[in-house]
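In: sequence and predicted model, in that order:
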Amino acid sequence: MAQAQKSRSRPESAQLPKGDVVRILLEQHTRIDELFGRVRNASGKSKQQLFDELRRLLTVHEAAEEMIVRPVTRAASGGHRVASARNAEEGKATHLLANLERLGSSSPGFSAELAALETNVVQHAQHEETEEFPLIIETRSEQQRVWMGMAVRAVETLAPTHPHVTAAGSTIAQYVLGPIASLLDHGRDAAKKVLAG
Ligand SMILES: [Fe+2]
Ligand SMILES: [Fe+2]
């Protein structure tokens, strides 16, 4: 099912103003879909590199949604249930992603776990696109959505690039743990680059 949904395009994103938070997130959903397909079809070193790219994008994307989008959803009429459900889905995806990172792309169990994550992420994105993003468009002006887009971009430069199960699925935990976890992650990535020469 994930494979059929994967090729779905999102033409609606082009109808939104450039910099609009919903447009940014829709474009990232498309990129995430593409990366799942590329990881699935790759092998060897490039499979791991593509998975690392997917892992980074998924992690910063969900952190930014939890920090910037979720509070606005929660404040909307009927939005409390929507925000809680989306955070719970993201918490589950983060556990699956952390498990995949632990396994590594050469592990025999990797493909099955990747398929489980893809199904989870595709369904989650559809819920955001049908239930949550319309609430953001209805309750925020274009200018406010562009400001939210700027905030999402800023958060994505600071957010952790590795999945942290302690912060996932909670707006408050993202604010409390996010920057600390991010510093650890960036330090780990920098150390890897130095060691790789
Ligand atoms: Fe999400
Ligand atoms: Fe999303």
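Out: Cool, the structure landed. Just so we're clear, the structure is a prediction, and the values are computed from it rather than from any experiment. Ligands and ions are numbered 1, 2, ... in the order given.
In: any stretches of the protein with poor pLDDT?
Out: Counting by pLDDT under 70, the ranges of the chain that qualify are 1-9, 11, 191, 194-197.
In: give me the residue from it nearest ligand 1.
Out: Using CB to the ion, the single residue of the chain nearest to ligand 1 is Glu65, 4.4 Å away. Heads up, the C-betas are built off the backbone N, CA and C, glycines and all.
In: what's the distance between that residue and Gln143?
Out: 20 Å (CB to CB, to the nearest Å).
In: neighbour count for those two, which is higher?
Out: Applying other CB atoms under 10 Å to Glu65 and Gln143 shows that Glu65 carries more neighbours, namely 24 against 10.
In: what parts of the protein come near ligand 1?
Out: Within the chain, the positions adjacent to ligand 1 are 62, 65 by CB under 5 Å from the ion.
In: the residue of the chain closest to ligand 1 touches Arg86, doesn't it?
Out: Yes. Between Glu65 and Arg86 there is a contact under CB atoms under 8 Å: 7.4 Å.
In: any chance you could list residues touching both of these two?
Out: Residues touching both Glu65 and Arg86 by CB atoms under 8 Å, 6 or more residues apart in numbering: Glu128.
In: how many neighbours does Leu96 have?
Out: By other CB under 10 Å, 18 other residues sit near Leu96.
In: which of the three states applies to Ser107?
Out: coil (DSSP: H, G, I helix; E, B strand; the rest coil).
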